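> 3D, please:
(one chain, ligands or ions: 1)
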Amino acid sequence: ARKTDENDIVVIGLGRFGSHLAGSLARLDHEVLAIDRSPERVQRWSAELDRVVQADATEEGALRQLGVAEFQRAVVAIGASVEASVLTVLALTELGVPQIWARATSEKHAKILASVGAHHVIFPEAETGERVAHLIISKMLDFIEFDDQFAIAKVRVPGTMVGRSLRDMPPAERCGVMVVGAKLPGEPFRYATPDTVLRPDSVLIVEGSITQVQRFASLG
Ligand code: ADP
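Numbers count the residues shown, from 1 in each chain. Here you go, the predicted model:
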């Protein structure tokens, strides 16, 4: 067996979420050990992922045999079965995995996961639902909101600003947002300077409070 590297990550549960997560980690050049109890799922993903094994992850002994105790990070991507997800986190805690990420499908589920030792709890459905809601109702092209109401968004150049430089635009006209950078089609991203001229086909990265960013995006 190959030696476990500190960048290697265990992904448990190859459903819709876990399989995309494992694929993304692999594309980001991390070795992934993927575990699922369903032989069909294992079969389905073994062509695309380097190491896919069939095991019941609620069994601490099975995880130990697979060398999971050697890993620095594990993600429990099981969603539908709260019981399987909680017992798997418990098994990982017992093995002493230092960074356990776990997917929750409700606030109560999240509380239980934290109480059995998950270090990071994620809500993929809730987060995606919220993000997509913002994208649908606003003109933002993309959007990330951080804890403290702070947001970064990808937006088009408002019509009134086309052809002008950032120097000529007082903060109030920019709804208080900070323009971080701009990108023209086919050109690399460039950080904004006071001399940056906003072109009609530029895509901007702006940051500010969520309200400011939304207002800026709706200038149209
Ligand atoms: P999604 O919503 O992402 O499709 P699901 O909860 O439907 O997620 O899928 C979870 C995956 O986790 C399934 O492939 C299932 O076989 C797997 N799984 C469920 N319980 C266990 C377990 N005890 N050990 C390993 N894999 C499990």
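> okay, CA-based contacts and neighbour counts for the rest of this
Fine.
> near the ligand, which residues of the chain are found?
With the criterion set to Cα under 6 Å from any ligand atom, the chain comes near the ligand through 12-18, 35-38, 41, 55-58, 78-80, 84.
> try 5 Å
Within reach of the ligand by Cα under 5 Å from any ligand atom, the chain has these residues: 13-17, 36-38, 56-58, 78-80, 84.
> got the residue ranges for the helices in the chain?
16-27, 39-45, 60-65, 82-95, 107-115, 124-137, 210-217 (DSSP state H).
> touching the third one from outside, list them.
What it means is helix 60-65. Applying Cα atoms under 8 Å, 6 or more residues apart in numbering, the external contacts of helix 60-65 come out as 55, 56, 57, 69, 88, 91, 92, 94, 95.
> between all of those, which two are separated the most?
Greatest spacing in these, by Cα to Cα: 55 and 94 (17.1 Å).
> higher neighbour count, these two?
A side-by-side neighbour count of residue 55 and residue 94, using other Cα atoms under 10 Å, places residue 55 first with 18 against 13.
> buried ones among the contacts of helix 60-65?
For the contacts of helix 60-65, a burial check counting by 16 or more other Cα atoms under 10 Å picks out 55, 56, 57, 69, 88, 91, 92, 95.
> who touches the closest residue to residue 143 other than its chain neighbours in this structure?
In space, and not counting its chain neighbours, residue 143 is closest to residue 153: 4.3 Å by Cα to Cα, 6 or more residues apart in numbering. Going by Cα under 8 Å, 6+ apart, residue 153 touches 140, 141, 142, 143, 144, 205, 206, 207, 213.
> emit the ChimeraX select command for whichever of the residues you listed are buried.
Command for ChimeraX that selects the buried part of these, burial taken from 16+ other Cα under 10 Å:
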select :140,141,143,205,206,207,213
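> so which of the contacts of residue 153 sit within strands?
142, 143, 144, 205, 206, 207 (DSSP state E).
> residues contacting the closest residue to the fifth one other than its chain neighbours?
Leaving aside its chain neighbours, residue 206 sits nearest to residue 179 (4.4 Å; criterion: Cα to Cα, 6+ apart). Residues in contact with residue 179 (Cα under 8 Å, 6+ apart) are 192, 204, 205, 206, 207.
> number of residues surrounding the second one?
The one in question is residue 204. Counted with other Cα under 10 Å, residue 204 comes out at 25.
> does it touch residue 185 like I think?
No: with contact defined as Cα atoms under 8 Å, residue 204 does not reach residue 185; the gap is 11.4 Å.
> re earlier: just flag the most distant two among the residues of the chain next to the ligand.
16 and 58 (19.6 Å).
> more neighbours: these two, which one.
Neighbour count, other Cα under 10 Å: between residue 16 and residue 58, residue 58 has more, with 19 against 11.
> from residue 4, how far off is that one?
21 Å (Cα to Cα, to the nearest Å).
> now swap in residue 89 and tell me
20 Å.
> just residue 170 next, same as before
Residue 170 is 54 Å from residue 4, by Cα to Cα.
> and the two? Which one has more around it.
Looking at residue 170 and residue 4 with other Cα under 10 Å, you find the greater number of neighbours at residue 4, namely 16 against 10.
> that one is in contact with residue 70, isn't it?
Yes: in this structure, residue 4 is within contact of residue 70 by Cα under 8 Å, at 6.5 Å.
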